[in-house]
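A.B. asks: model this:
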Amino acid sequence: MTRIRRFAALYLCLALLLTGCAAGPAVPAASTAAEAPTETSAASSAASSAPAAASAATQTTPAATETASAASVCTLIIRCDTILANLDALDPEKLDLVPEDGLLYENPAAEMTDGESAFDLLLREMRAAAIHLDFVKTPAYNTVYIKGIGNLYEFDCGDLSGWTYRVNGEFLSVGCSLAVIHPGDTVEFLYTCDLGADVGNVWTGE
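C.D. replies: Coordinates of the predicted model:
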């Protein structure tokens, strides 16, 4: 009887020992589960950084827009209003070339390079618009004389007729190839029938 009790006690101890070993590995598993939020937190951090990066990219857009809007432009106007008041002196073959309002060309946003000449602007715009332009250039003096624009030439409307120009309302004492222009300027080429007097350019000989 004593042997049976001893055997039973030994068996119970062995069973308890085996049960405790089987339950032991459950602890690391719980630890692994606890680490899961760390991974989720990292994902959330990456997700939150994405909008920040997008925001940074968005903030660069206004700067690019400002650069584009800062392009150098000026205004170019070509008029022949004076011919309308002197049609009796106009070559009959040129009558159809004169616009009813006297405006041959206007571009309020002509692209230009700061420091170029009024002639550079005229030449580029006329080529782009496929409008006739005839001129004589003297390389030795870097001067240009405008003979005709839109097939309207000097002397087509009298002996004192031809082309003159002004920048920001001022008639300059140099040829258009020597007149330096800047962004925001208004450059006008005007047809005169009276050596400039009819467009406000009264030459004094000084």
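
A.B. asks: Output the strand ranked longest in the chain as CSV, restricted to C-alpha atoms.
C.D. replies: Ranked by number of residues, the top strand in the chain under DSSP state E is strand 103-111. C-alpha atoms of strand 103-111 as CSV (Å, rounded to 0.1, in the frame of the first residue of the first chain):
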residue,chain,number,x,y,z
LEU,A,103,-3.8,99.7,-86.7
LEU,A,104,-1.4,97.3,-88.6
TYR,A,105,-0.2,95.3,-85.6
GLU,A,106,-0.4,95.2,-81.9
ASN,A,107,1.0,92.7,-79.3
PRO,A,108,0.7,93.8,-75.7
ALA,A,109,2.7,90.8,-74.5
ALA,A,110,5.6,90.5,-77.0
GLU,A,111,8.4,88.4,-75.5
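
A.B. asks: what sits up against it?
C.D. replies: Identification of contacts with strand 103-111 by CB atoms under 8 Å, 6 or more residues apart in numbering yields 71-81, 121, 125-126, 129, 131, 149-150, 152. (C-beta placed from N, C-alpha, C; glycine too.)

A.B. asks: neighbours around the spatially closest residue to E154 that is not a sequence neighbour, how many?
C.D. replies: Closest residue to E154 apart from its sequence neighbours, by CB to CB, 6 or more residues apart in numbering: G162 at 3.6 Å. When neighbours are counted by other CB atoms under 10 Å, G162 registers 21.

A.B. asks: Need the phi and psi values for G162.
C.D. replies: Backbone torsions for G162, taken as degrees, to the nearest 10, come to phi 160, psi -170.

A.B. asks: List the contacts of S161.
C.D. replies: Counting by CB under 8 Å, 6+ apart, S161 has contacts 86, 89, 154-155, 191-194.

A.B. asks: can you rerun that using 6 Å?
C.D. replies: By CB atoms under 6 Å, 6 or more residues apart in numbering, the contact set of S161 is 155, 193.

A.B. asks: roughly how far apart are it and C80?
C.D. replies: 10 Å (CB to CB, to the nearest Å).

A.B. asks: and what of L121?
C.D. replies: When L121 is compared with C80 (using CB to CB), they lie 18 Å apart.

A.B. asks: cool, and L103?
C.D. replies: For L103, the distance to C80 - CB to CB - is 8 Å.
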